[in-house]
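>>> Task: produce atomic coordinates for the following.
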Amino acid sequence: MKKTLFLLLVFFVTLEAQAQALAIAKEFGNNLRKFALTDSIEYRDKVENLFNSNKGARIADELVFVLVSHSVYPHHNSYELDTYLNLIEKDSLDIEFSDFIEIENSLIESDTKTNEQKSRAEYVSCRLKVRGTVSLDTRDLIIIRNGRITKIDKYPQTSQQ
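Below you'll find the predicted structure:
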C-alpha cells in the first residue's frame with residue numbers, strides 16, 4: 001500500500017513539473033513575441049524574469065546566430081540573454097512560438113552533462129517561426145531548471161519527439 005501511494009505521489013509530482021515547464025516555455029514565447037512587436041520594457045522584464053537570475057543563461061538557437069550574422073556582434077558558440085534581447089529589439093520581427101512538447105531528458109543527447117545534471121532539467125521543444133527582417137522556421141529546445149530557463153538551444157535533429 002505504501003509503495004503504491006509513493007508511486008502515485010511521484011507520478012503526480014512529475015506531471016506537475018511537466019505542466020510547470022510547459023507553462024514557463026509558453027510564457028516565454030508569449031512575452032518574447034510581445035517584446036519583439038512592441039519593444040516594451042515591460043515585456044523585456046517579463047522575459048528576463050523567466051530566466052536564471054544570475055544572468056548566466058545562454059542562448060544558442062538558430063535565431064540568435066542569424067541575427068548576429070547581420071550585426072556587429074562577434075560570433076560565439078552562445079550568447080547571454082541581454083545580447084539576444086538587444087538583437088531582437090533592433091530588428092523588426094514577428095516571432096511566434098507554437099507546438100510546445102515536453103521532451104524526456106533521456107532523449108536529449110549530451111556529452112557534457114551527467115545523468116544527475118540532466119535529470120534535474122526539464123526540456124521543452126517548440127516551433128519557432130520568425131518573419132520580418134529575418135525569416136526562419138525551426139525548432140528550439142528550452143531547458144528549465146528549478147523553475148527558470150537556463151538555456152535555449154537548437155533542437156537536436158537526432159532526437160525523437
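>>> what residue ranges in this structure are flagged as low confidence?
By pLDDT under 70, the weakly predicted segments of the chain are 1-19, 53-55, 106-119, 158-161.
>>> ok, the closest residue to residue 145 other than its chain neighbours to residue 94 distance?
Spatially, and ignoring its direct neighbours in sequence, residue 145 is nearest to residue 121 (5.1 Å; CB to CB, 6 or more residues apart in numbering). For every residue, glycine as well, the C-beta is placed using N, CA and C. For residue 121, the distance to residue 94 (CB to CB, to the nearest Å) stands at 30 Å.
>>> Please apply the same query to residue 76.
Taken as CB to CB, the span from residue 76 to residue 94 is 26 Å.
>>> ok, now residue 135?
Counting by CB to CB, the gap from residue 135 to residue 94 is 10 Å.
>>> repeat for residue 127
Residue 127 is 14 Å from residue 94, by CB to CB.
>>> And for residue 48?
21 Å.
>>> can you check residue 32 too?
For residue 32, the distance to residue 94 - CB to CB - is 11 Å.
>>> For the closest residue to residue 67 other than its chain neighbours, which three-state class applies?
Excluding the flanking residues, the one nearest residue 67 by CB to CB, 6+ apart is residue 87, at 4.0 Å. Here residue 87 takes the helix state, with states given by DSSP: H, G, I helix; E, B strand; the rest coil.
>>> check contacts around residue 87.
64, 67, 68, 71, 73 (CB atoms under 8 Å, 6 or more residues apart in numbering).
>>> So which residues of this structure form strands?
58-60, 79-80, 93-103, 121-132, 136-145, 148-154 (DSSP state E).
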